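Novice: Everything below, folded, please.
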Amino acid sequence: MVKSESTSNTDRVGGLWGYSQPSTAKHLFRIRRGPSKLYLWPRHPPSFATHAMAAMAHLEDLNFACLSVLLAAVDDNGRAPRLDAAALLRSYSDTSHLAGRSSDSARFLHSPFDFFYYHNHDYVKLVLADTVDAKVAAARSPNCLPHIDPGFLGCIPVSTTAGLMIQDSRTKAWVDVESLPGVRPYRDVIVFAGWTLQVASCHRIPAAVHVVRGNSRPRLSLVYERRLEDNGDGFAMECARIKKRKLGERK
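Specialist: Numbering: from 1, shown residues only. Have a look, this model is predicted:
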């Protein structure tokens, strides 16, 4: 894991960027589009910044393409008022800025591109203990607790070290998605919904509950998440307002 010369920073709108250690299980380097002069890139390798920004641009395009299709497909089918999803997306996203691919916005944008490094030390220690109880604990040992993300969509290129598990919303079974047959590391991308998309779809597209399990090897995970400035709170209020108005029109 490359480490920045500085610790994490928070810009004036409250967003984390740069290097941090969210927990004892992982390290994080976060990129968000913004004033390029404030970026704290690692000195080594020299090509890190170029490749990181190129990967971010690719995941931005993929994320927005998937999001546009999903939002366009959201209709009521007699169960919920149709939202003007495209207009809401334009109002609450940084689409116009992304189109320019500029890194010199006056402020940092809120959609993060994260590099997570999981050392898996605890997992290895449990395995080395070589007891039945330790092996069971190792198999269940998560690097993060089950959670949903606040944004629209998350895009995670498949890692060379499996670990991402997503809960099936119907059966509640956990799917070890990076261990599925035919999945190709850093060629296939896992895309799943966050809380804001669940709200935008009137809860027809559920946010994906996910966790990162332990492994016998360290794990590098790249995560791009399409996120709003207020983690979706303003978007949810606007959805509720439109839903209430359209329900009134139907009476």
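Novice: quick one, what contacts the nearest residue to Q198 once chain neighbours are set aside?
Specialist: Excluding the flanking residues, the one nearest Q198 by CB to CB, 6 or more residues apart in numbering is A207, at 4.4 Å. (Glycine included, C-beta is placed from N, CA and C.) Counting by CB atoms under 8 Å, 6 or more residues apart in numbering, A207 touches I148, D149, A193, G194, W195, L197, Q198.
Novice: Most neighbours among those residues, which one is it?
Specialist: The most crowded member of these, judged by other CB atoms under 10 Å, is L197 (29 neighbours).
Novice: can you give me the strands for the stretch 151-251 of the chain?
Specialist: Ranges of strands within the stretch 151-251 of the chain are 153-157, 164-167, 174-175, 189-193, 210-213, 219-225, based on DSSP state E, counting those that start in this stretch.
Novice: just those strands: most buried one?
Specialist: Most buried of these, by mean neighbour count (mean count of other CB atoms under 10 Å): strand 153-157, with a mean of 23.
Novice: between that one and strand 189-193, what angle do the directions make?
Specialist: Per axes from the mean of the first three to the mean of the last three CA atoms, to 10 degrees, the angle that strand 153-157 makes with strand 189-193 is 160 degrees.
Novice: Tell me the strands beside strand 153-157, with direction?
Specialist: Sheet pairing for strand 153-157, assigned by DSSP bridges, gives strand 189-193 (antiparallel), strand 219-225 (antiparallel).
Novice: List the contacts of the first one.
Specialist: This means strand 189-193. Taking CB under 8 Å, 6+ apart as the rule, strand 189-193 contacts 59, 62-63, 66, 70, 152-158, 164, 166, 177-178, 205-208, 210.
Novice: what are the C-alpha coordinates of it, in CSV please?
Specialist: The C-alpha trace of strand 189-193 is given here as CSV (Å, rounded to 0.1, in the frame of the first residue of the first chain):
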residue,chain,number,x,y,z
VAL,A,189,-16.3,-4.8,-11.9
ILE,A,190,-18.9,-5.4,-9.2
VAL,A,191,-21.7,-2.8,-9.2
PHE,A,192,-24.2,-2.6,-6.4
ALA,A,193,-26.8,-0.1,-5.1
